[in-house]
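In: Quick one, structure for this:
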Amino acid sequence: FSPLKLGDLTLRNRAIRSGCFEGMSQGGEVTGRLIEHHRRVAAGGVGMTTLSYCSVSYDGRAFSHELWMRPEILTDLRRLTDAVHAEGAGASIQLGHCGFFASPSVIGRRTLGASPKLCLFRMSYCREMSASDIEEKTEDFVRAARMARQTGFDAVEIHAGHGYLLHSFLSPFFNKREDIYGGSIENRARFLCEVIRSIRQRTGPDFPINVRINGTDFIPGGIDIEQAMRHAQLIEEAGADAINISAGMRETRQYMIPGSFFPQGLYADLSDKVKGVVKIPVMTVGRYIDPQLAEEVLSKGKADFII
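Out: Here you go, the predicted structure:
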């Protein structure tokens, strides 16, 4: 794989370790196992490795062994980015909020969502976010991104797929609002775009922002590829440097975490369609095991990065 720029950041190749939950943050801490995991991934030769999942606030966690961004973990996050950089790779961190499927027993309060919804996974019922809630969470994303940059991360990935909080606004399956954050595609993307613009304004023009979205929800009434293409355009207009195309959510979990019975590179056609409507790099995910297939997807222009 040849080098390629992500914003102002040049990566040594086009292979990126996806933001896939490691389960190595017991107590919400950056453990030695977590640092060593990402160091070894970097030593394996990827262009960049992505730490996940890091909630932007305490109330965005689904499990007690998930990170949430706060001053107490910054020293250990710096140890992680130093270890990755020593192996020649870039370091990214996935920032998000679990929204309606956060765990009430972990966060000690009622969960948040675009609209009221029962979470069968938790048997909990979220409350609809107010305008002040949206403003608060936007600030949480900004604060987390600034801390990420402070600790040496080269980029951030904003998680707006898979049923997470920002995705619950994007998807009409979840979003039943009648205010400026609901209804049209542009309204449903408003919260995410406000987050992107705010991070850009507060971290500067040279800090890469990558946004993960669904190319499809794989559920009636959810996001389809036509909507995803419009989301991508709005995300680009808001100031993001790259778009990461995934699919599925907890209700269609088999597509969110595709098993061995799925073909390799199964979402390349989704990323290809998104690439047709934006100018920023597009990343594709979905069981890339054979490097020749990854090279073929890149050479055909269906994606700019393989994750």
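In: Going by C-alpha atoms from here, please, whenever you check contacts or count neighbours.
Out: Will do.
In: pLDDT weak spots in the stretch 1-150 of the chain?
Out: Segments of the stretch 1-150 of the chain classed as low confidence (criterion: pLDDT under 70) are 1.
In: which residues in it form strands?
Out: Applying DSSP state E, counting those that start in this stretch to the stretch 1-150 of the chain gives strands spanning 4-6, 9-11, 16-17, 48-55, 67-68, 90-96, 112-113, 118-119, 124-125, 127-128.
In: Out of those, flag the one nearest residue 236.
Out: Taking CA to CA as the criterion, residue 236 comes closest to strand 4-6 out of those, the separation being 13.2 Å.
In: Can you lay out the strands of the stretch 1-150 of the chain as TSV showing mean neighbour count and distance to residue 194?
Out: Listed next are the strands of the stretch 1-150 of the chain as TSV, based on neighbours: other CA atoms under 10 Å; distance: least, CA to CA, whole Å:
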stretch	mean neighbour count	distance to residue 194
strand 4-6	18	21
strand 9-11	15	23
strand 16-17	22	26
strand 48-55	25	18
strand 67-68	26	21
strand 90-96	26	14
strand 112-113	26	17
strand 118-119	16	26
strand 124-125	18	26
strand 127-128	18	18
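In: closest one to residue 180 among the ones you listed?
Out: When these are ranked by distance to residue 180, counting by CA to CA, first place goes to strand 127-128 at 13.6 Å.
In: So which other helices or strands are in contact with the closest one?
Out: In this structure, strand 127-128 packs against strand 112-113, with contacts taken as 3 or more CA pairs under 8 Å, 6 or more residues apart in numbering; DSSP states H and E.
In: what sits up against the strand it packs on?
Out: Contacting residues not belonging to strand 112-113 are listed as 99, 100, 126, 127, 128, 129, 165, 168, 169 [CA atoms under 8 Å, 6 or more residues apart in numbering].
In: before we move on, what about stretch 153-162?
Out: Contacts of stretch 153-162 with the rest of the structure, by CA under 8 Å, 6+ apart, involve 9, 81, 90-97, 145, 148-149, 166-167, 170, 192, 207-214, 217, 246-250, 256.
In: Same list (the strands of the stretch 1-150 of the chain) but as TSV, adding distance to residue 262.
Out: Shown next, in TSV, are those (distance: least, CA to CA, whole Å):
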stretch	distance to residue 262
strand 4-6	29
strand 9-11	29
strand 16-17	20
strand 48-55	24
strand 67-68	30
strand 90-96	25
strand 112-113	31
strand 118-119	27
strand 124-125	32
strand 127-128	36
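In: Looking at the ones you listed, spot the one closest to residue 263.
Out: Taking CA to CA as the criterion, strand 16-17 is the member of the strands of the stretch 1-150 of the chain that comes nearest to residue 263, at 19.3 Å.
In: So what's the gap between the closest one and the chain middle?
Out: Between the mean C-alpha point of strand 16-17 and the mean C-alpha point of its chain there is a distance of 13 Å (CA atoms, centre = their mean, to the nearest Å).
In: Give me the contacts around it.
Out: Defining contact as CA under 8 Å, 6+ apart, one finds that strand 16-17 is touched by 41, 46, 47, 48, 49, 50, 305, 306, 307.
In: quick one: residue 242 from residue 204, how far?
Out: The gap separating residue 242 from residue 204 is 16 Å, by CA to CA, to the nearest Å.
In: quick one: which of those two has more around it?
Out: Just comparing residue 242 and residue 204: by other CA atoms under 10 Å the higher neighbour count belongs to residue 242, 25 against 11.
In: gap between that one and residue 254?
Out: Between residue 242 and residue 254 the computed distance is 25 Å (CA to CA).
In: How about residue 19?
Out: 17 Å.
In: And the two? Which one has more around it.
Out: Taking neighbours as other CA under 10 Å, residue 19 and residue 254 compare with residue 19 leading, 20 against 14.
In: start to end distance for stretch 299-307?
Out: One end of stretch 299-307 to the other measures 15 Å (CA to CA).
In: on that earlier part again, looking at the contacts of strand 16-17, which is nearest residue 26?
Out: Taking CA to CA as the measure, residue 26 sits nearest to residue 50 out of the contacts of strand 16-17, at 18.2 Å.
In: How about that closest one, nearest residue that isn't a chain neighbour?
Out: Counting by CA to CA, 6 or more residues apart in numbering, residue 92 is the residue found nearest to residue 50 once chain neighbours are left out, at 4.5 Å.
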